[in-house]
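Novice: predicted model follows, preceded by the sequence.
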Amino acid sequence: MSFIRFALKNLFAHKTRTILTLGSMVVAVAVLFTLVSFNRGYEKALKSQLQGMGIHMMVVPVGCPYEAASLILKGGKIPNYLPADVLDQVNAIPGIDVAAPTFMGGIVRPEEGRTDIYVGIDSATIRLKNWWKIKGHFPEKPNDVVLGSDVALIEQSQVGDQIYVPEKDLTLDVVGVLSPTGNEDDGMFYIPLKTAQQYFVDSTIAGGGTDKLTGISIRLKNPDDAPVISSQLGEIKGAEVITMGELLGTMMSLMGAAKSLLLSIVLIIIVISALGVLNTVLMSVFERTKEIGVMRATGAAQAHIFGLVWLETLMLSLLGGIGGLGLALVGARLIENIVKKLLPLAPKASVVALEPGSFILIMVFVIGIAVVAGFYPALRAARAKPIEALRSE
Amino acid sequence: MLLLVGGALGSLCVWRQPDSDISGIFGSGSYKTVFVDITDAQGQKIEKRLGFPLDADETQFKYFPVFKGKERVGTVMTHAGKGQFGTIEVVVAVVAGDSGPVVKEVRIQRDREKAKAALRSKEFLGQFKGMSANDDFRMTNDESGLKPAAQGAEKASQAVASAVRKLLIVYDELGRP
């Protein structure tokens, strides 16, 4: 214990220098911890959101499905629709529990910075999303609409109200409001499939017509059958299959490049911090050459000197690590809010997972830095010859 | 602009086009954003004058004093209220009158009403010019009150009028800051 106290006393003999070194360590560790937590949290939230959708795979028109989703969000024209008979072909494949056809149309509201998304559904969607809680009832009549919880809040609408879609001269009766789901369902207007097809199909698009679809969401009886069924679905003309695993992989790879860049920057910061620690301890060793000489002359072994200096490095790094983790815990939610605003495809759930595993990983990393950064100053101090050290000024 | 904040209503209603609103209403100018907490006593007075309770989360208001150089030329407030077919967001500019603040101009910044054009017309919105918190904001089809924007748009018209009245009363009760 007195060894630790001695090490601390040595460290804080030069408060400013030590605090500045600590500061750089704290920031570096905080950024690293946040990044690791974000990486884990994002994947976890995305997986959870995709699983929460209750969908194992989707059948979409041939082309780039991600581009189609983006175009709908921006109000652009998607390249093509799913042919009308695809649903029958999908339903004919054994092993499919529910196949829910959808027709999605978007109306851009630039002055509000958002797009209203109208999703045409039929009763299959209710079976697919059997965890939905609706205040009111499912759309039955052509002009019925169920609002996602966010939409209901924005439009200050409830069951019994009406919603007007000026761009389509369409008046909808609000017959239901979804309880918050925590995913993108909260931001949609759900209308009967036929109504969506009637009002939102673009007849100029190849394959247009009022019986077309923009997608079919599929739940399997047994998720283990996904590879077989996916290949069967892939044989349907004009259709493309995306499994949720592929979707997750694509989304994660979209993030991959940015993450690699960030991680590289953080590692550079860590190396600079480690050099700062090394510099601080080495300076301290140089300044205490005479003191070390006295210790050696009065019986301290090389191992004692080595251990003392190494302990100083370790304590400096540990303090920086703990401070950094504390800062990350406090600032993580703030960073999360910023990230969510900037990041496309951000899940609604928390994207920063503050897990004990990350905590331990970072602390092991910090100790590793201390071991490496402290080795040279400790060795230098231990090798000091008592006579020469005592002669030094 | 007085913006209800702290809850759903406030968070939904932002001042979407401050630059064009200021140039359109005041010619030119700059603005600041100011938050004011509503005390319990002020809340009670506001509710008494309104005749209905404020929402539980309407504990803070936001308004935008407008300046030309260093001179304050008016105040802008916003409100998101329930219309007939969804939310109507209203922008209200007030200036100092002989016996208190009066409306200089009212604009609709967002709505999904069928009578969109009529609701945004000078004939309808021009009626609010010069009105103060103590005036009668009821919609009638005769000369005794305000006229709805169009037949069938009574509810939306009243929503706009109620929003203007509410903002004027809140602004008044908060001491015309």
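Specialist: In hand now; what should we look at? Numbers count the residues shown, from 1 in each chain, chains lettered A, B, ... in the order given.

Novice: most proximal residue of chain B with respect to chain A?
Specialist: Proximity of chain B to chain A (Cβ to the nearest Cβ) peaks at residue B:85, 3.6 Å away. C-beta here means a position set from N, CA and C on the backbone, and glycine is covered the same way.

Novice: can you give me the strands for chain B?
Specialist: With DSSP state E, the ranges of strands along chain B come out as B:3-5, B:30-31, B:34-37, B:60-68, B:71-82, B:87-97, B:100-110.

Novice: surely the residue of chain B closest to chain A meets residue B:116?
Specialist: No. Applying Cβ atoms under 8 Å, one finds residue B:85 not in contact with residue B:116, separated by 9.7 Å.

Novice: the two - which one has more neighbours?
Specialist: Neighbour count, other Cβ atoms under 10 Å in any protein chain shown: between residue B:85 and residue B:116, residue B:85 has more, with 25 against 18.

Novice: okay, that one and residue B:17: tell me how far apart.
Specialist: 22 Å (Cβ to Cβ, to the nearest Å).

Novice: same check on residue A:24?
Specialist: In terms of Cβ to Cβ, residue A:24 sits 44 Å off from residue B:17.

Novice: who has more neighbours out of those two?
Specialist: Set residue A:24 next to residue B:17 and count neighbours by other Cβ under 10 Å: residue A:24 wins out with 20 against 14.

Novice: how far off centre is the helix or strand hosting the more buried one?
Specialist: Per DSSP states H and E, residue A:24 falls inside helix A:15-52. For helix A:15-52, the distance from its own C-alpha centre to the chain's C-alpha centre is 12 Å (Cα atoms, centre = their mean, to the nearest Å).

Novice: which helix of the chain spans the most residues?
Specialist: Unless you meant another one, I'm taking chain A. helix A:244-287 (DSSP state H).

Novice: sorry, I should have been clearer: chain B.
Specialist: Max-length helix for chain B by DSSP H is helix B:154-173.

Novice: what mean pLDDT does that one get?
Specialist: For helix B:154-173, mean pLDDT is 93.

Novice: just confirm yes or no for it near chain A.
Specialist: No. For helix B:154-173 and chain A, the contact criterion (Cβ under 8 Å from any Cβ of the partner chain) is not met; the two come no nearer than 9.9 Å.

Novice: what packs against the longest strand along chain A?
Specialist: Using DSSP E to define each element, chain A has its longest strand at strand A:96-109. Counting contacts by 3 or more Cβ pairs under 8 Å, 6 or more residues apart in numbering or on different chains; DSSP states H and E, strand A:96-109 packs against helix A:65-74, helix A:86-91, strand A:114-121, helix A:123-128, helix A:193-200, strand A:215-220.

Novice: which parts of it are buried?
Specialist: Across strand A:96-109, burial judged by 16 or more other Cβ atoms under 10 Å in any protein chain shown covers A:96, A:98, A:99, A:100, A:101, A:102, A:103, A:104, A:105, A:106, A:107.

Novice: so where's the stretch 1-150 of chain A uncertain?
Specialist: Where the stretch 1-150 of chain A drops to pLDDT under 70, the residues are A:1, A:46-53, A:64-79.

Novice: coming back round to it: which elements pack onto the longest helix of chain A?
Specialist: Checking 3+ Cβ pairs under 8 Å, 6+ apart, helix A:244-287 ends up next to helix A:15-52, helix A:302-342, helix A:356-383.

Novice: chain B is nearest to which of these?
Specialist: Here helix A:302-342 is closest among the helices and strands packed on helix A:244-287 (Cβ to the nearest Cβ), at 13.8 Å.

Novice: any part of the closest one near chain B?
Specialist: No. With Cβ under 8 Å from any Cβ as the criterion, chain B is not reached by helix A:302-342; the gap is at least 13.8 Å.

Novice: got the angle between the helix holding residue A:24 and helix A:244-287?
Specialist: Helix A:15-52 and helix A:244-287 meet at an angle of 170 degrees, taking axes from the mean of the first three to the mean of the last three Cα atoms, to 10 degrees as the criterion.

Novice: tell me, how many neighbours does residue 36 end up with?
Specialist: The chain I'm using is chain A. 23.

Novice: correction: the question concerned chain B.
Specialist: 17.

Novice: again with residue A:246
Specialist: Neighbourhood size, residue A:246 [other Cβ under 10 Å]: 14.

Novice: could you measure from it over to residue A:213?
Specialist: Distance, residue A:246 to residue A:213, using Cβ to Cβ: 20 Å.

Novice: how about the contacts made by residue A:29?
Specialist: With contacts defined as Cβ atoms under 8 Å, 6 or more residues apart in numbering or on different chains, residue A:29 is in contact with A:270, A:320, A:321, A:323, A:324, A:325, A:327, A:328, A:362, A:366.

Novice: try 7 Å
Specialist: Contact partners of residue A:29, counting by Cβ atoms under 7 Å, 6 or more residues apart in numbering or on different chains, are A:320, A:321, A:324, A:325, A:362, A:366.

Novice: give me every residue in chain A lying close to chain B.
Specialist: A:111, A:112, A:153, A:154, A:155, A:156, A:157, A:162, A:163, A:164, A:166 (Cβ under 7 Å from any Cβ of the partner chain).

Novice: now the second one: closest residue in space that isn't a chain neighbour?
Specialist: In this case it means residue A:112. Excluding the flanking residues, the one nearest residue A:112 by Cβ to Cβ, 6 or more residues apart in numbering or on different chains is residue B:110, at 5.9 Å.

Novice: the one you found touches residue B:90, doesn't it?
Specialist: No. When contacts are counted by Cβ atoms under 7 Å, residue B:110 is not listed as touching residue B:90 (9.0 Å).

Novice: what's next to stretch B:27-41, contact-wise?
Specialist: Residues external to stretch B:27-41 that are found in contact with it (Cβ under 7 Å, 6+ apart): B:5, B:18, B:22, B:59-68, B:73, B:76, B:174, B:177.
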